[in-house]
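1. generate a structure from the sequence data that follows.
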Amino acid sequence: EGQTKFSGDHRIADDQPVLSARELSVRHKLHGVSLDIRPGEVVGLGGLLGSGRTETAKAISGALASSSGSVMVAGAPLRGGSTPASIRAGVSLLPEDRKSEGIVPGLSVRENIALAVLPRLSRFGLVSEARVDAVVDTFMKRLRIKASSPHQKVGELSGGNQQKVLLARWLAMNPKVLLLDEPTRGIDVGAKAEVQKLVDELAADGLGVLLISSDLEELIEGSDRVVVLKDGAVVGELTGDEVTEDQLMRTIAGEAPPRDPAEEAVTHG
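-> So this is what the prediction gives:
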C-alpha cells in the first residue's frame with residue numbers, strides 16, 4: 001500500500017540469482033564463501049565479530065582482492081575484481097564506516113549525492129546542472145532526507161540523514177545489488193526505523209540486498225534468508241521459519257537445527 005516505487009526494475013527470471021558468489025577466498029580471512037542473492041531478496045549475513053561478514057561484502061564488491069573464487073552479476077561474470085568494475089556491473093557497497101569511507105562532511109548534500117553519479121550524467125565531460133539537480137531532488141524526496149536545502153553541508157545533518165545521503169549516492173547509480181554493512185549503526189531509533197523501511201521498499205522493488213548487522217533483531221526481522229559465517233567460512237543457512245535469533249546462535253555454536261516440526265514447536269514454544 002502506497003509503497004515508493006523506484007525506477008529501473010531489475011527483475012530478471014525470479015529464480016535466477018541477481019548475484020552469485022562462488023568459493024570466495026581471501027588469505028587468512030575468507031575460506032570458500034558461496035552465496036546467492038535473488039531480485040527482491042534481502043539476504044542477511046550472520047556471525048560473530050571477526051566471522052568474515054565485512055570481508056565477504058568487500059570481496060564481492062572488489063574492495064578486497066580475493067585469492068580465488070568468482071562473482072556473477074545478473075548471469076554475467078564480474079571481471080577485474082575492482083570497485084569501479086563492480087559498480088559498473090550494478091553492485092554498490094554501503095560501507096560500515098561512513099566517516100572514513102563514505103560521506104564528505106565539508107561538501108553539500110547535492111555534491112555528496114552527485115559524486116557517484118557524475119560520470120554517468122556527463123556527456124563529453126559536460127554535466128548538465130539541471131540533470132544533477134533533478135537526480136538529487138528525486139532522491140532527497142524518495143529517501144525523505146531532512147536538510148534545509150540540497151546545498152546544506154552534510155556534516156551539519158543528523159547521523160541518520162547522513163546515512164540516507166550515502167544511500168542516495170549509491171541508489172542514484174541504479175544498482176542491481178546493494179551491499180549494506182551495518183546500515184543503522186550509530187543512528188537514532190527513529191532514523192533506524194526509516195532506513196529499515198527504506199531497505200524493505202528497495203527489495204520490494206526488485207533490488208537484491210545483502211544485509212550485515214550486529215543488531216540481531218534487525219538482521220532477523222529484515223532478512224528473507226540468513227547465511228551464517230564462522231571463522232571466514234559458511235557454517236549454515238537459515239530460511240523461512242528457521243530465521244530466528246535462537247536458530248542463528250545454535251548455528252554459530254555448531255548445533256544441528258531441529259528438523260521435526262513438532263520439535264521445532266517445542267523449542268520455540
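2. which residues does the longest helix along the chain contact?
-> Longest helix of the chain, by residue count under DSSP state H: helix 189-204. For helix 189-204, the external contacting residues (CB atoms under 8 Å, 6 or more residues apart in numbering) are 3-4, 6, 40-42, 143-144, 158-161, 163-164, 167, 171, 178, 180, 183-184, 187, 209, 211, 218, 221-222, 224. For the C-beta atoms, the positions are set from N, CA and C on the backbone; glycine is no exception.
3. next SSE after it?
-> Counting by DSSP states H and E, the element after helix 189-204 in chain order, helix or strand, is strand 208-212.
4. so what does that following strand touch, helix or strand wise?
-> Packing partners of strand 208-212 (3 or more CB pairs under 8 Å, 6 or more residues apart in numbering; DSSP states H and E): strand 30-37, strand 42-46, helix 53-61, strand 177-181, helix 189-204, helix 216-222.
5. now the contacts of helix 189-204: which count as buried?
-> 6, 40-42, 143, 160-161, 163-164, 167, 171, 178, 180, 183-184, 187, 209, 211, 218, 222, 224 (16 or more other CB atoms under 10 Å).
6. sorry, back to before: hey, least reliable of the helices and strands packed on strand 208-212 by pLDDT?
-> Mean pLDDT per stretch puts helix 189-204 lowest among those, at a mean of 89.
7. that helix versus strand 42-46: what angle between them?
-> If you take axes from the mean of the first three to the mean of the last three CA atoms, to 10 degrees, helix 189-204 sits at 120 degrees to strand 42-46.
8. list the buried residues in helix 189-204.
-> 191-192, 194-196, 198-199, 201-203.
9. equivalent analysis for stretch 24-41, please.
-> 24-26, 29-31, 33, 35-41.
10. now do stretch 50-63
-> Using 16+ other CB under 10 Å as the burial criterion, the residues of stretch 50-63 that qualify are 51-63.
11. widest-spaced pair of those?
-> Pairwise distances across the buried residues of stretch 50-63 peak at 20.9 Å for 51 and 62 (criterion: CB to CB).
12. give me the domain ranges for this protein.
-> For the chain, automatic domain parsing gives the domain ranges 1-90+175-269, 103-173.
13. using TSV, lay out the ones you listed together with distance to residue 96.
-> Listed next are these as TSV, based on distance: least, CB to CB, whole Å:
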stretch	distance to residue 96
domain 1-90+175-269	4
domain 103-173	11
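14. closest one to residue 97 among the ones you listed?
-> Evaluated over the domains of the chain, closeness to residue 97 peaks at domain 1-90+175-269, with 8.6 Å, by CB to CB.
15. helices along this protein, start to end?
-> In the chain, helices defined by DSSP H lie at 53-61, 83-89, 98-101, 109-121, 129-142, 159-171, 189-204, 216-222, 245-253, 261-268, listed in chain order.
16. just give me the closest of the buried residues of helix 189-204 to residue 87.
-> residue 202 (16.9 Å).
17. distance of that closest one from residue 89?
-> 18 Å (CB to CB, to the nearest Å).
18. excluding its backbone neighbours, what's nearest residue 231?
-> With sequence-adjacent residues excluded and distances taken as CB to CB, 6 or more residues apart in numbering, residue 231 is closest to residue 51, at 6.7 Å.
19. that neighbour contacts residue 229, doesn't it?
-> Yes: the pair residue 51 / residue 229 is scored as a contact, 4.3 Å apart, by CB atoms under 8 Å.
20. hang on, the earlier thing: and the angle from the longest helix of the chain to strand 177-181?
-> Helix 189-204 and strand 177-181 meet at an angle of 150 degrees, taking the same axes, to 10 degrees as the criterion.
21. now helix 189-204 against strand 208-212, angle please.
-> Counting by the same axes, to 10 degrees, helix 189-204 lies at 150 degrees to strand 208-212.
22. which residues sit in contact with the residue lying closest to residue 165 once chain neighbours are set aside?
-> Among residues not flanking residue 165 along the chain, residue 112 sits closest, at 5.1 Å (CB to CB, 6+ apart). With contacts defined as CB under 8 Å, 6+ apart, residue 112 is in contact with 103-104, 154, 165-166, 169.
23. go again with 6 Å.
-> By CB atoms under 6 Å, 6 or more residues apart in numbering, the contact set of residue 112 is 103-104, 154, 165.
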